[in-house]
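Asks: Show me how the following folds:
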Amino acid sequence: MKTAMKFVCLALAVILFSHGGAFAADSQNGFDPNRYVVKDGLLFLDDKQFYGAEVVTVQTARGTIYWLAGDPEADGTNRGLYRGWKSGIYFFGQDGKFISMLEKERAQMCFVRFSPDGEQFTIGIFGDSEYLLYNFDTLELIENSAE
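Replies: Residues are numbered from 1 along each chain as shown. Purely as a prediction, here's the structure:
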């Protein structure tokens, strides 16, 4: 089972190769992911487009899911863009509103792949064949391919 799942995840990673970018925080009022909304695949903060964030759009049977990776230690040209965000994967629903965040070190190096039904997702690190399988609704770890 683990070998089959590794093959499926690796195949999805090759086919759907993309990456998450790092993005900003509101340094005056502290970070509040509920102030961010995804519209037409773009990230907005208080109704103003937020530049520098790469939003990945995924179509599943449960609808569109958006995700982005945030990493306060990311190596970018504008270090101020990373302040205030916890390192992790941020999920937004079909309506563009924030759903949840999974804390993950080195999130900027991660890729996320959803099952067709949108019930589960995997997280892998670029250049690494191992992955973590999660339940999307609970963010509970289901399987670690390294174990």
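Asks: for the protein, what spans make up the strands?
Replies: For the chain, applying DSSP state E gives strands covering 36-39, 42-45, 48-49, 56-60, 63-70, 88-92, 98-103, 110-114, 120-125, 131-135, 141-144.
Asks: and those as a markdown table, adding mean pLDDT and mean neighbour count?
Replies: (Each C-beta comes from the backbone N, C-alpha and C, glycine too.) Below are these laid out as a markdown table (pLDDT from 0 to 100; neighbours: other C-beta atoms under 10 Å):
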| stretch | mean pLDDT | mean neighbour count |
| --- | --- | --- |
| strand 36-39 | 92 | 20 |
| strand 42-45 | 88 | 18 |
| strand 48-49 | 87 | 9 |
| strand 56-60 | 95 | 15 |
| strand 63-70 | 91 | 22 |
| strand 88-92 | 92 | 22 |
| strand 98-103 | 93 | 16 |
| strand 110-114 | 92 | 23 |
| strand 120-125 | 92 | 20 |
| strand 131-135 | 95 | 19 |
| strand 141-144 | 94 | 13 |
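Asks: And residue 114, how far from residue 69?
Replies: 15 Å (C-beta to C-beta, to the nearest Å).
Asks: To clarify, my last question referred to residue 55.
Replies: 10 Å.
Asks: One more: residue 97?
Replies: Here the criterion is C-beta to C-beta. By it, residue 97 lies 18 Å from residue 69.
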